[in-house]
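Novice: Below: sequence and its predicted model.
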There are 2 protein chains.
Amino acid sequence: MSIEVVSSNKMFGGWQHQYNHASSVLNCQMRFSVYLPPQASNMRKVPVMYWLSGLTCTDENFMQKAGAQRIAAELGIAIVAPDTSPRGEGVPDDVEQAYDFGLGAGFYVNATQAPWNTHYQMYDYVLNELPALIEANFPVTQERVISGHSMGGHGALVMALRNPERYRSVTAFSPISNPINCPWGQKALQNYLGKDKATWQQYDASLLMAKADKFVPAMVEQGKDDSFLDEQLKPNMLTAAAEKKGYPLTLEMHDGYDHSYYFIATFIEKHMRFHAANLAK
Amino acid sequence: MSIEVVSSNKMFGGWQHQYNHASSVLNCQMRFSVYLPPQASNMRKVPVMYWLSGLTCTDENFMQKAGAQRIAAELGIAIVAPDTSPRGEGVPDDVEQAYDFGLGAGFYVNATQAPWNTHYQMYDYVLNELPALIEANFPVTQERVISGHSMGGHGALVMALRNPERYRSVTAFSPISNPINCPWGQKALQNYLGKDKATWQQYDASLLMAKADKFVPAMVEQGKDDSFLDEQLKPNMLTAAAEKKGYPLTLEMHDGYDHSYYFIATFIEKHMRFHAANLAK
């Protein structure tokens, strides 16, 4: 499990790094970003917030645009951001190179259908291989929280809902909340998993929340002027599931905000303080 | 002086906008970014911080990566970021399309040499045309402060040193402090201004500071691990000039920090609070 440094930049007293490594789960070279706050050292381990990005993103977008490191440096939390799909030669892409499937659009699932199944195993990568790599190579504890945006908000919710013992809290910005019922989700799930819709349900946050028996504290932020709100995101399905089940979900709708990183930057501090409060419990 | 909106995103309760306009000074279409904090309204005008970016940047880099809007929203300061050169068809570029001259590298000077002089008039654009446009179209006062990075740090210092009545304070990150004595500066100044080095001196912050008779409070941040430090930036020349003249300059060197936006993001809050304190005087 060796990692190779790509870049290192000091930031808020800690370090912003990029690394490459050979992923056996994804069967390709992968890059990830990690922010280590100044508290992290050989003498002191810190918890980790995993961040899952949305369609078209890489490991860089969140680290460059969200302003999260300032808060991480205050709270003593490391941040790890993986890429959004397998990458490199031999990794198949959408035939039309569409932005919403294939490269940059792994949807955090384990593909079962050829030709996708040889590389597109992002669920296992994010759940198992990446945390094992991080915990072996950096001064971090096994205390994990997870957040994400859009496709990554879907990924974060699915990870936490299916593995409540692995995450202390989960938050999402503008998540794809009910992917089996929206165009982005249907395209991805049918290609990666096949036509049997029963297999799609394990990746649908609203369905998973409706039948959850262990709870991970959850917070969701959504802009009311998000152009994807009604067709793709459907947070009302998540709210309905939470209400039905009594799930500890806080979902707030915000006037005027859209789907951009300007929205994420505005509310990331709220989410990181939510995570810190749950880590302190 | 009409402006055309390109994009608008709500952020920290205010608005991040991009606009296009026809610049008569630069003789081309120009784009700029503006952040209006929530305090700005028809009922209340706010002061403006102008941000000048470095080589290769556009109006977007600072707005996406520095995290300044959070602080602007708290302090009630608008931010305006112009592009770093004239743009578009007919605007000449470096023959080798080098990153350090021509497009993306206007150096905030008024070119006197053909073919550059028909468009490359960034000094007048930043000093006169852009503020007039901003003050005519947005709820802002004529209270101005100015900051920048690298080439833009040079630009900010030159603007304030030559026009102390126009700016209440000036700050810079990793500025090109003595451009007549570094490769970036010499290439740009010779091409834009010609071989007579006497004409270069009006764009050299260290020379200007050494002979300043009106003072604008100034703050400079510099990373010690900046790979351009010794060859291109030369902050020691600025410090020497300030000491000789008794100029109110605070210049701090930082262990481990480099030339990147991660460095800017770390210290932008310090600079904006410096500006706010000077605006309050």
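Specialist: Perfect, I can see it now. Numbering: from 1, shown residues only, chains lettered A, B, ... in the order given.

Novice: Quote the end-to-end distance of stretch A:10-19.
Specialist: The straight-line separation of the ends of stretch A:10-19 (C-alpha to C-alpha, to the nearest Å) is 15 Å.

Novice: ranges for the strands of the stretch 101-250 of chain A?
Specialist: Along the stretch 101-250 of chain A, counting by DSSP state E, counting those that start in this stretch, strands occupy A:140-149, A:170-173, A:218-223, A:249-254.

Novice: could you dump those to TSV with mean pLDDT?
Specialist: Shown next, in TSV, are the strands of the stretch 101-250 of chain A (pLDDT from 0 to 100):
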stretch	mean pLDDT
strand A:140-149	98
strand A:170-173	98
strand A:218-223	98
strand A:249-254	98
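
Novice: Mean neighbour count, these: which tops it?
Specialist: strand A:170-173 (a mean of 30; mean count of other C-beta atoms under 10 Å in any protein chain shown). Quick note: C-beta positions are derived from backbone N, CA and C, even for glycine.

Novice: For the helix or strand harbouring A:I268, name the packing helices and strands.
Specialist: Assessed by DSSP states H and E, A:I268 sits inside helix A:261-279. Applying 3 or more C-beta pairs under 8 Å, 6 or more residues apart in numbering or on different chains; DSSP states H and E, one finds that helix A:261-279 contacts strand A:46-52, helix A:61-65, helix A:68-75, strand A:140-149, strand A:170-173, strand A:218-223, strand B:3-11, helix B:68-75.

Novice: switch the cut-off to 6 Å
Specialist: Using 3 or more C-beta pairs under 6 Å, 6 or more residues apart in numbering or on different chains; DSSP states H and E as the contact test, the elements touching helix A:261-279 are helix A:68-75, strand A:140-149, strand A:218-223, strand B:3-11.

Novice: ok so, going back, take the strands of the stretch 101-250 of chain A and write them to TSV, including distance to chain B.
Specialist: Output for the strands of the stretch 101-250 of chain A, formatted as TSV (distance: least, C-beta to the nearest C-beta, whole Å):
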stretch	distance to chain B
strand A:140-149	14
strand A:170-173	13
strand A:218-223	8
strand A:249-254	8
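
Novice: and chain A, which residues reach chain B?
Specialist: A:9-12, A:16, A:64-65, A:67, A:256-258, A:260, A:262, A:266 (C-beta under 6 Å from any C-beta of the partner chain).

Novice: Quick one, which of the residues you listed are buried?
Specialist: Among these, the ones that count as buried by 16 or more other C-beta atoms under 10 Å in any protein chain shown are A:9-12, A:16, A:64-65, A:67, A:257-258, A:260, A:262, A:266.

Novice: Could you single out the nearest of those residues to A:T58?
Specialist: A:Q64 (10.0 Å; C-beta to C-beta).

Novice: Can you tell me how far the nearest residue to A:S41 once chain neighbours are set aside is from chain B?
Specialist: Leaving aside its sequence neighbours, A:S41 sits nearest to A:P139 (C-beta to C-beta, 6 or more residues apart in numbering or on different chains; 5.9 Å). Look at A:P139 and chain B: by C-beta to the nearest C-beta, to the nearest Å, they are 18 Å apart.

Novice: Tally up the residues packed near A:A22, please.
Specialist: 13 (other C-beta atoms under 10 Å in any protein chain shown).

Novice: Please report phi then psi for it.
Specialist: Torsion angles at A:A22 (phi, psi; degrees, to the nearest 10) stand at phi -90, psi 110.

Novice: Check A:P164 too.
Specialist: Torsion angles, degrees, to the nearest 10, at A:P164: phi -60, psi -20.

Novice: Kindly state the pLDDT recorded for the residue found closest to it once you drop the neighbours it is linked to in the chain?
Specialist: Among residues not flanking A:P164 along the chain, A:K214 sits closest, at 3.9 Å (C-beta to C-beta, 6+ apart). With respect to pLDDT, A:K214 has a value of 97.

Novice: Looks like A:K214 contacts A:R166 (just checking).
Specialist: No. If you go by C-beta atoms under 6 Å, A:K214 and A:R166 don't touch, sitting 10.8 Å apart.

Novice: who's more crowded, the two?
Specialist: A:R166 (15 against 9).

Novice: Which residue is the nearest non-sequential neighbour of the more buried one?
Specialist: A:R144 (6.1 Å).

Novice: Next, the contact list for A:V145, please.
Specialist: Contact analysis of A:V145 by C-beta atoms under 6 Å, 6 or more residues apart in numbering or on different chains lists A:49, A:167-169, A:275.

Novice: Please repeat the previous calculation with a cut-off of 10 Å.
Specialist: Taking C-beta atoms under 10 Å, 6 or more residues apart in numbering or on different chains, we find A:V145 in contact with A:47-51, A:77, A:156, A:160, A:167-171, A:216-217, A:271-272, A:274-276, A:278-279.

Novice: Equivalent analysis for A:I176, please.
Specialist: Per C-beta under 10 Å, 6+ apart, neighbours of A:I176: A:54-55, A:107, A:148, A:150-155, A:157-158, A:182, A:184-185, A:188, A:203-206, A:228, A:232-235.

Novice: Got phi/psi on it?
Specialist: According to degrees, to the nearest 10, A:I176 has phi -80, psi 100.

Novice: What distance do you get for the residue of the stretch 51-200 of chain A found nearest chain B to A:M11?
Specialist: Evaluated by C-beta to the nearest C-beta, the stretch 51-200 of chain A has A:G67 as its residue closest to chain B, separated by 3.7 Å. Distance from A:G67 to A:M11, counting by C-beta to C-beta, to the nearest Å: 11 Å.

Novice: Overlap of the contact sets of these two?
Specialist: By C-beta under 10 Å, 6+ apart, A:G67 and A:M11 have these common neighbours: B:A265.

Novice: re the thing from before, of all the residues of chain A next to chain B, which two lie farthest apart?
Specialist: A:K10 and A:G256, at 35.1 Å, using C-beta to C-beta across the residues of chain A next to chain B.

Novice: sorry, back to before: looking at the strands of the stretch 101-250 of chain A, spot the one closest to A:D83.
Specialist: strand A:140-149 (12.9 Å).

Novice: tell me the contacts of A:Y35?
Specialist: A:9, A:11-12, A:14-17, A:48-49, A:51, A:62-63, A:68-69, A:72-73, A:77-81, B:262.

Novice: One more: A:E221?
Specialist: A:147, A:149, A:153, A:171-175, A:235, A:250-254, A:257, A:263-264, A:266-268, A:270-271.

Novice: Overlap in contacts, A:K214 and A:R166.
Specialist: Both A:K214 and A:R166 are contacted by A:A160, under the criterion C-beta under 10 Å, 6+ apart.

Novice: coming back round to it: any chance of the residues of chain A next to chain B in a markdown table, plus distance to B:L127 and pLDDT?
Specialist: Below are these laid out as a markdown table (distance: C-beta to C-beta, whole Å; pLDDT from 0 to 100):
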| residue | distance to B:L127 | pLDDT |
| --- | --- | --- |
| A:N9 | 33 | 98 |
| A:K10 | 34 | 98 |
| A:M11 | 33 | 98 |
| A:F12 | 34 | 98 |
| A:Q16 | 35 | 98 |
| A:Q64 | 30 | 98 |
| A:K65 | 30 | 98 |
| A:G67 | 31 | 98 |
| A:G256 | 34 | 98 |
| A:Y257 | 35 | 98 |
| A:D258 | 34 | 98 |
| A:S260 | 32 | 98 |
| A:Y262 | 29 | 98 |
| A:T266 | 33 | 98 |
